[in-house]
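1. generate a structure from the sequence data that follows.
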Amino acid sequence: MLRQDSQEAPLFGEDFDPVDKRKSKIKHPVASFFHLFFRTSAILVYLLCDIFSSGFIGCMVAIILLLSCDFWTVKNVSGRLLVGLRWWNQVDEKGTSHWVFESKKRAHSEDATSSADSRIFWLGLIVCPVFWMFFVFSIVFSLKIKWLAVVIMGLVLQWANLYGYVRCKVGGKSNLRKLAKSYLSVQIFKQVMKEPETS
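-> Residues are numbered from 1 along each chain as shown. So this is what the prediction gives:
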């Protein structure tokens, strides 16, 4: 696994200097629109297809096309423009596969992304997989097995992008472990330091 750093960009909604109001505006409205459009469209088509259409195949194809467009758009366009992150797989001359996770560092430059772009990116990237997780559980409990392949595909594609971009943000597995350990130690410390309530 490779990790590359290049120019700086805001990650996970990290704020810039609040004095510069230009950076709080959306710098890439088209990328932001399509970042949310394909993901929400796939969810809406899944939720409304029984109302507007009785054909399972047509709905399934529409959802899979929207999910595929979403995966490509997020991985190749909106991740780069909105937060300065990208990930991909490359095969070297020996045939060994390497996953590359690249992130730009923050900089006060003209091409730096805005905090509004970053918030839109991470909100869409985190919230939509939760919907697909809920759909998987609802399909299993309602026994509508014909939809299971569609919702699992939605879950896998959305979580793949989420995983890739989280890896870009925090680095390799060791950094993920360090992040989890530091978060847990902070939470435990807060619980220990919390004074017991007196009645």
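
2. how about the nearest residue to L157, chain neighbours excluded?
-> F71 (4.6 Å; C-beta to C-beta, 6 or more residues apart in numbering). Backbone N, C-alpha and C define where each C-beta goes, glycine included.

3. for that neighbour, report the pLDDT, please.
-> pLDDT, the model's per-residue confidence, is 94 for F71.

4. for it, grab the count of nearby residues.
-> Around F71 sit 18 other residues, with neighbours defined as other C-beta atoms under 10 Å.

5. list phi and psi for it.
-> Its backbone dihedrals place F71 at phi -60, psi -50, with angles given as degrees, to the nearest 10.

6. tell me how far it lies from L155.
-> Taking C-beta to C-beta, to the nearest Å as the measure, F71 and L155 are separated by 12 Å.

7. where do the helices sit along this structure?
-> When secondary structure is read from DSSP state H, the chain shows helices at 29-52, 56-73, 115-142, 148-170, 173-193.

8. who's in contact with the residue most central in space within the chain?
-> Within the chain, one residue has its C-alpha closest to the average C-alpha position: by C-alpha atoms, centre = their mean, that is L125, at 2.8 Å. L125 sits next to 74, 161-162, 165 when contact means C-beta atoms under 8 Å, 6 or more residues apart in numbering.

9. could I get those as a markdown table with distance to L47, pLDDT and neighbour count?
-> Compiled in a markdown table, these are given as follows (distance: C-beta to C-beta, whole Å; pLDDT from 0 to 100; neighbours: other C-beta atoms under 10 Å):
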| residue | distance to L47 | pLDDT | neighbour count |
| --- | --- | --- | --- |
| V74 | 21 | 93 | 28 |
| N161 | 21 | 91 | 23 |
| L162 | 21 | 92 | 17 |
| Y165 | 25 | 91 | 25 |
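
10. out of those, what pair is the most spread apart?
-> By the measure C-beta to C-beta, the contacts of L125 have their two most distant members at V74 and L162, which lie 9.2 Å apart.

11. do you know how far the nearest residue to I43 once chain neighbours are set aside is from K146?
-> Ranked by C-beta to C-beta, 6+ apart and with sequence neighbours excluded, the top spatial neighbour of I43 is F131, at 5.4 Å. The spacing between F131 and K146, counted by C-beta to C-beta, is 19 Å.

12. of the two, who's got more company?
-> Legend: neighbour count by other C-beta under 10 Å for F131 and K146, higher for F131 (19 against 9).

13. now for the helices of the chain, which one comes closest to S97?
-> helix 148-170 (14.5 Å).

14. quick one: work out the angle between that closest one and helix 56-73.
-> 10 degrees (axes from the mean of the first three to the mean of the last three C-alpha atoms, to 10 degrees).

15. quick one: distance of helix 148-170 to the chain centre.
-> Counting by C-alpha atoms, centre = their mean, to the nearest Å, helix 148-170 is centred 7 Å from the centre of its parent chain.

16. next: stretch 156-176.
-> Taking the mean of its C-alpha atoms, stretch 156-176 sits 9 Å from the chain's own mean (C-alpha atoms, centre = their mean).
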